[in-house]
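Undergrad: I would like the atomic coordinates for the input below:
(4 chains)
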2 protein chains.
Amino acid sequence: MGLAKTEMFTDEQNQISLFAKVFGHPARVAILQHLFKIESCVCGDLVNEIGLAQPTISQHLKELKHLGLIKGNVEGTSVCYCVHAENWKAMKSVMNEFLNQDLEEKSNCC
Amino acid sequence: MGLAKTEMFTDEQNQISLFAKVFGHPARVAILQHLFKIESCVCGDLVNEIGLAQPTISQHLKELKHLGLIKGNVEGTSVCYCVHAENWKAMKSVMNEFLNQDLEEKSNCC
DNA sequence: AATATTAATCGTAATATTGCAATGAAATAA
DNA sequence: TTATTTCATTGCAATATTACGATTAATATT
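TA: The predicted model follows:
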């Protein structure tokens, strides 16, 4: 079979894995880093910056947008993409709660 | 084609995406949460806790171990898995650096 | 030794992801 | 209108992932 049924897991587990999955490809990491670095909208030059074809970049942007992590503004013939600040913050809090779980020293058996 | 060539991206981007990918499945998130919650080694009862077959859980554990996030100790016929504290901490710092990037307000165009 | 228990591995089917050429849609420029 | 530019969409082919039955390996128990 393919993927596990989401009913098997908690909403939180599904949400974490959805966020993580979108970060699970270096092209999407690169896109996001670039959007952050430029501190502004970035239009079609993502295709030039990252060495992938335009449809491929477009597809990765679509996934990021679908999750709400970025938003796109049409400006003439080009489209301006930005990090969606509030949604990024919300994602961060979900991921941080997961990543910052602490191990209790008392019962570290391995 | 399949996956992008890692040469196209920075080591950091590849590392982030590798960590994220392993969190990109709810079963692995559930396994890790369980390992944290129990605050100790967990052996075969992961199979009972999570509703997946034993080979499937074993495969997920293998991926987590391969990335170094958990370690396994053989104890008789059973195996005890724990979060690898130092490696988890190292992973956290890589992921936090990525997640905690800040947007500059000055040029938020969208 | 024979049996039971636990977990890893193998093989394979089902599904998802990735990448891109080709094409289409929408706005602009000539 | 007729290019031109920019990006989205479609339609594949290649590859990766997921899940599990069957089997194997290793230890424990009888």
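Undergrad: can we go C-alpha only for contacts and neighbour counts from here?
TA: Noted.
Undergrad: List the contacts of the lengthiest helix in chain A.
TA: For chain A, the longest helix by residue count, based on DSSP state H, is helix A:85-99. With contact meaning Cα atoms under 8 Å, 6 or more residues apart in numbering or on different chains, helix A:85-99 is reached by A:Ile16, A:Phe19, A:Gly68, A:Leu69, B:Gln33, B:Lys92, B:Asn96, B:Leu99, B:Asn100, B:Leu103.
Undergrad: Surely A:Val79 is within a strand?
TA: Yes. Per DSSP: H, G, I helix; E, B strand; the rest coil, A:Val79 lies within a strand segment.
Undergrad: could you list every residue that touches it?
TA: Contacts here follow Cα under 8 Å, 6+ apart; on that basis A:Val79 touches A:Val42, A:Cys43, A:Gly44, A:Gly72, A:Asn73.
Undergrad: so is the last one in a helix, a strand, or just coil?
TA: With three-state DSSP as the basis, the three-state label of A:Asn73 is strand.
Undergrad: Quick check: closest non-adjacent residue to it.
TA: Beyond its immediate neighbours in the sequence, the residue positioned closest to A:Asn73 (Cα to Cα, 6 or more residues apart in numbering or on different chains) is A:Cys80, lying 4.9 Å away.
Undergrad: Please enumerate the strands of chain A.
TA: Chain-ordered strands for chain A, with DSSP state E as the definition, fall at A:70-75, A:78-83.
Undergrad: can I get the contacts of helix A:85-99 in CSV with neighbour count, distance to B:Thr56 and pLDDT?
TA: Shown next, in CSV, are these (neighbours: other Cα atoms under 10 Å in any protein chain shown; distance: Cα to Cα, whole Å; pLDDT from 0 to 100):
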residue, neighbour count, distance to B:Thr56, pLDDT
A:Ile16, 23, 20, 98
A:Phe19, 22, 22, 98
A:Gly68, 16, 31, 97
A:Leu69, 22, 31, 97
B:Gln33, 17, 17, 95
B:Lys92, 17, 26, 97
B:Asn96, 17, 29, 97
B:Leu99, 18, 30, 97
B:Asn100, 12, 33, 94
B:Leu103, 18, 40, 72
